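>>> Below are the sequence and a predicted model; questions follow.
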Amino acid sequence: MSTLPRTGHAVAADGTRLAYQWHGTGRPLVLLAGQANDHTWWNRTRGDFPSTITMDYRGTGASDAPDVPYSTTLFADDVLAVLDGLGVAEADVYGTSMGGRVAQWFAARHPGRVRRLVLGCTSPGGAHGVERTNDVRLALAKRHSAEAREALEDMMYTPAWRAANPGPYTVLGAHGMPPHAVRGHLVASNTHDAWDVLPRITAPTLVLHGDDDVLAPPANAPLLTGRIPGARMHVFAGARHAYFDECRPESSVLVREFLG
């Protein structure tokens, strides 16, 4: 994208400074990254859309990292603080992985702020969600070991795609996170439960998933689609968690067409 990003910080209700990046012009698409990741999660795909707002979650990137309990509802409040700080009354929202969990809360709590919603490789959480296995959780918790990062790469991308695209990959966790923030992000994702509020989402919703995803099992896609009024779904055959990278340009085209 030719225009330089507009960058800065918004301030959350508790005083936490939240870094944001606004690329392009026009109606913005808010892109929300996965657990313990910052805005670089979207480096490969951000340019597929004319106007995007990304942010660094608290605890990541250039945002503050207060040692407080983290939750997907708190992260949703942080999204609101960024949009308010930028003067954006309404936006499209595209959340993947934990970002999809955050997007669920944001869309349910602030229906007037979301024009259209895309939920990728995510889960409603709680008793109704189909959760990742304990060995996957362990890999996320120990992501800085070489063995764990290798396992995480394999959960994100198929071997064939990795062979053709050797990296570096920007979806394996933000650098420099303090230990309390890593733990906080893990707890936030694991304790997410938006099942009861999903029917409150009024924005037209598109649910996307790879059918070989072990980080967010694909059985969650029809659960979300059935729970959110009028939602529709598309599943990418053979794709793993980072379908938005591996299945480009198809996935980005689908999102652009859905957003109109």
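Alright, I've got the coordinates. The shown structure was predicted, so the numbers you read here are calculated from the model rather than taken from an experiment.
>>> just the strands in the stretch 151-260 of the chain please.
Taking DSSP state E, counting those that start in this stretch, the strands of the stretch 151-260 of the chain run over residues 205-210, 232-236.
>>> Can you lay out those strands as a markdown table showing distance to residue 51, mean pLDDT and mean neighbour count?
Every C-beta, even on glycine, is put in place using the N, C-alpha and C of the backbone. Formatted as a markdown table, these follow (distance: least, Cβ to Cβ, whole Å; pLDDT from 0 to 100; neighbours: other Cβ atoms under 10 Å):
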| stretch | distance to residue 51 | mean pLDDT | mean neighbour count |
| --- | --- | --- | --- |
| strand 205-210 | 18 | 99 | 26 |
| strand 232-236 | 23 | 98 | 16 |
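>>> Distance to residue 221 for those - can I get that in a markdown table?
Shown next, in a markdown table, are the strands of the stretch 151-260 of the chain (distance: least, Cβ to Cβ, whole Å):
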| stretch | distance to residue 221 |
| --- | --- |
| strand 205-210 | 4 |
| strand 232-236 | 5 |
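>>> out of these, nearest to residue 20?
The closest of the strands of the stretch 151-260 of the chain to residue 20 is strand 205-210. By Cβ to Cβ, the value is 23.8 Å.
>>> now for that closest one, which elements pack on it?
Judged by 3 or more Cβ pairs under 8 Å, 6 or more residues apart in numbering; DSSP states H and E, the packing partners of strand 205-210 are strand 114-120, helix 220-227, strand 232-236, helix 243-246, helix 250-259.
>>> Of these, give the one that comes closest to residue 39.
Shortest separation from residue 39 across those is recorded for helix 243-246, at 14.1 Å, computed as Cβ to Cβ.
>>> Report the distance from that closest one to the chain centre.
13 Å (Cα atoms, centre = their mean, to the nearest Å).
>>> now for it, which elements pack on it?
Using 3+ Cβ pairs under 8 Å, 6+ apart as the contact criterion, the secondary-structure elements in contact with helix 243-246 are strand 205-210, helix 250-259.
>>> average model confidence for it?
With pLDDT averaged residue by residue, helix 243-246 scores 98.
>>> Stretch 47-67 too?
Across stretch 47-67, the average pLDDT comes to 98.
>>> Much appreciated, bye for now.
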